[in-house]
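Q: Got a sequence here, can you model it:
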Amino acid sequence: MKKIFYAAAVACLLVSCENKSDISSNDEINQKKIGSESQNFARIASTDLSEQLGAVDLEYTDLFFDLGVNGITKTKTNGVDSFDFVTEKGFIFRGLPYDFKDFHFTVDNNELILGDIKITYKQGIPYLVRGSIIIKVDDVTDHIVDTDINTMAILLAFDEIMSSDPKSDFADYSSRMLATRPCAWWNTMTVMGIGATSGGAEADLYNATIQAANDGTLHNCVSLGGITETNLGFVKIARQSFCCP
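A: Have a look, this model is predicted:
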């Protein structure tokens, strides 16, 4: 009953926003889950960030493709690795639009660094370091991430580099997605929500979608399928893609 009420509430709110956002009322957010992916940072045995970064080339997780990534540029200067992801589109987090190409990462002394945030290994265990916060990556919660996009970005990048989740090249991803999403990849926009539970992540996704609809970011967009969930430690991620031709 709770699920039915929740889905109905989403539909009603999107209809009320229709004049502002032009999201099709014929294909509202579909609350049906269409997939569940990685489980709590299932990592490869290696803890060498530079070594694993070297293996990142043409294959990515579906999550990263959904967030707009389709390549990477890497340089090495005086033993410090720098890398930027190549994108064709952005994504929405906490109701605001972002693009992964805007995040510049470095790997120095086996630490992944983004601005003043880093992930470092201590006795083989990865820790997130942000100001006075020092916490195991596996213990990071949605409350620690909060609205900080750099914290979310570094956690996603770390998981992409170090996880053992299945990856594919763009041709394989595209053929699979087109079979269920009748929309060109570069015309899609993915909205992401986070929470401590699946319900919390879906609620955040719902709120982010309504905000993006009201702000015009999802103007003329139509939802594609249902919600896909991913686990990053204690952080649950719920995401849904929209076609925005």
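
Q: After the top helix by length along the chain, which helix or strand is next?
A: Ranked by number of residues, the top helix in the chain under DSSP state H is helix 198-215. Next helix or strand after helix 198-215 toward the C-terminus (DSSP states H and E): strand 222-232.

Q: neighbours around residue 57, how many?
A: Neighbour count for residue 57, taken as other CB atoms under 10 Å: 10. Bear in mind the C-beta positions are built from the backbone N, C-alpha and C, glycine included.

Q: rewinding a little: quick one: the longest helix of the chain to strand 222-232, angle?
A: Angle, helix 198-215 to strand 222-232, by axes from the mean of the first three to the mean of the last three CA atoms, to 10 degrees: 140 degrees.

Q: do you know how far the most far-flung residue of the chain relative to its centre is from residue 106?
A: Here the centre of the chain is the reference, and by CA atoms, centre = their mean the most remote residue is residue 78, at 31.2 Å. Distance, residue 78 to residue 106, using CB to CB, to the nearest Å: 11 Å.

Q: Tell me where this protein has helices.
A: Under the criterion DSSP H, the chain carries helices at the ranges 2-16, 18-21, 49-55, 62-66, 142-145, 149-162, 170-180, 198-215.

Q: if we can go back for a sec, for the residue farthest from the centre of the chain, phi and psi?
A: The phi/psi pair for residue 78 (degrees, to the nearest 10) reads phi 50, psi 40.

Q: which stretches of the protein aren't confidently modelled?
A: For the chain, applying pLDDT under 70 flags the ranges 1-46.

Q: Residue 160: neighbour count?
A: The burial count for residue 160: 21, using other CB under 10 Å.

Q: how about the closest residue in space to it that isn't next to it in sequence, what does it touch?
A: Excluding the flanking residues, the one nearest residue 160 by CB to CB, 6 or more residues apart in numbering is residue 64, at 5.5 Å. Contacts for residue 64 (CB atoms under 8 Å, 6 or more residues apart in numbering) come out as 85, 100, 156, 160.

Q: just these now: which is nearest residue 218?
A: residue 100 (18.8 Å; CB to CB).

Q: pretty sure the closest one is touching residue 68, no?
A: Yes. With contacts defined as CB atoms under 8 Å, residue 100 counts as touching residue 68 at a distance of 6.0 Å.

Q: so what sits against both of the two?
A: Both residue 100 and residue 68 are in contact with 87, 90-91, where contact means CB under 8 Å, 6+ apart.

Q: Tell me which of those fall in strands.
A: 87, 91 (DSSP state E).

Q: Of the shared contacts of residue 100 and residue 68, which is the nearest to residue 175?
A: residue 87 (20.1 Å).

Q: got a list of what the closest one touches?
A: For residue 87, the contact set (CB under 8 Å, 6+ apart) comprises 67-70, 99-101.

Q: could you redo the last one with a cut-off of 6 Å?
A: Applying CB atoms under 6 Å, 6 or more residues apart in numbering to residue 87 gives the contacts 68-69, 99-101.

Q: cool, and residue 124?
A: Going by CB under 6 Å, 6+ apart, residue 124 touches residue 47.

Q: And it, how close does it get to residue 215?
A: Residue 124 is 43 Å from residue 215, where distance means CB to CB.

Q: Of the helices of the chain, which stretch is the most buried?
A: Neighbour counts (mean count of other CB atoms under 10 Å) averaged over each of the helices of the chain peak at helix 62-66, with a mean of 23.

Q: Would you check how far apart residue 79 and residue 49 are?
A: Where residue 49 is concerned, residue 79 sits at a distance of 12 Å (CB to CB).

Q: Can you report how many residues lie near residue 123?
A: Neighbour tally, residue 123, other CB under 10 Å: 6.

Q: Next, work out how far apart it and residue 185 are.
A: Remark: distance between residue 123 and residue 185 (CB to CB) = 41 Å.

Q: same deal with residue 139?
A: For residue 139, the distance to residue 185 (CB to CB) stands at 34 Å.
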